[in-house]
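Peer 1: here's my sequence, what's the structure:
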Amino acid sequence: MPTLLGTVGVALLLGAFALSLPGLLRADRSVYLSLNLVGASLACWSSVLIGFLPFVILEGVWAVVAGVALARLRFRPPSPPSFPTSP
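Peer 2: From the prediction side, this is the model:
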């Protein structure tokens, strides 16, 4: 079970990263952040199950950072509309 959790988590993390490099997925969008949150959470839980503390810390921090960024994106005030300016 830990291997499956870790594999899925790492696949989500690497997939999001790989898609962001050619610009197919923007790092400041909710899809990217959600993939990071879920992927890091799964990888963290897998590391908890096997008792590997360095990766519990790494993936736990990664999940928290992604979660905070996702919450900030979700709850930020809407930006005012921009109007074209005349020359």
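Peer 1: can you spell out which helices and strands pack onto the lengthiest helix in the chain?
Peer 2: Ranked by residue count, the top helix of the chain under DSSP state H comes out as helix 53-75. For helix 53-75, the elements it packs on are helix 30-50, judged by 3 or more CB pairs under 8 Å, 6 or more residues apart in numbering; DSSP states H and E. All C-beta atoms are positioned from the backbone trio N, CA, C, and that covers glycine.
Peer 1: that older thread, ok now the longest helix of the chain, how far from the chain's centre?
Peer 2: Distance of helix 53-75 from the chain centroid (CA atoms, centre = their mean, to the nearest Å) equals 7 Å.
Peer 1: what does stretch 10-20 give?
Peer 2: 9 Å.
Peer 1: cool, stretch 13-30 as well?
Peer 2: In terms of CA atoms, centre = their mean, the centre of stretch 13-30 is set 9 Å apart from its chain centre.
Peer 1: show me what counts as buried in that stretch.
Peer 2: Buried residues in stretch 13-30, counting neighbours by 16 or more other CB atoms under 10 Å, are found at Leu13, Ala16, Leu19, Ser20, Leu25.
Peer 1: same thing with stretch 29-48?
Peer 2: Under 16+ other CB under 10 Å, the buried positions of stretch 29-48 are 32-48.
Peer 1: need the residue closest to the centroid of the chain.
Peer 2: For the chain, Asn36 is the residue whose C-alpha lies nearest the centre (CA atoms, centre = their mean; 2.0 Å).
Peer 1: pretty sure it sits against Ala16.
Peer 2: Yes: between Asn36 and Ala16 a contact is recorded at 5.8 Å, counting by CB atoms under 8 Å.
Peer 1: ok so, going back, the nearest residue to the residue nearest to the centre of the chain once chain neighbours are set aside: what's it in contact with?
Peer 2: What sits nearest to Asn36 in space, not counting adjacent residues and going by CB to CB, 6 or more residues apart in numbering, is Ala66, at 3.9 Å. Contact analysis of Ala66 by CB atoms under 8 Å, 6 or more residues apart in numbering lists Leu33, Ser34, Asn36, Leu37, Ala40.
Peer 1: closest to Pro78 out of these?
Peer 2: Leu33 (18.2 Å; CB to CB).
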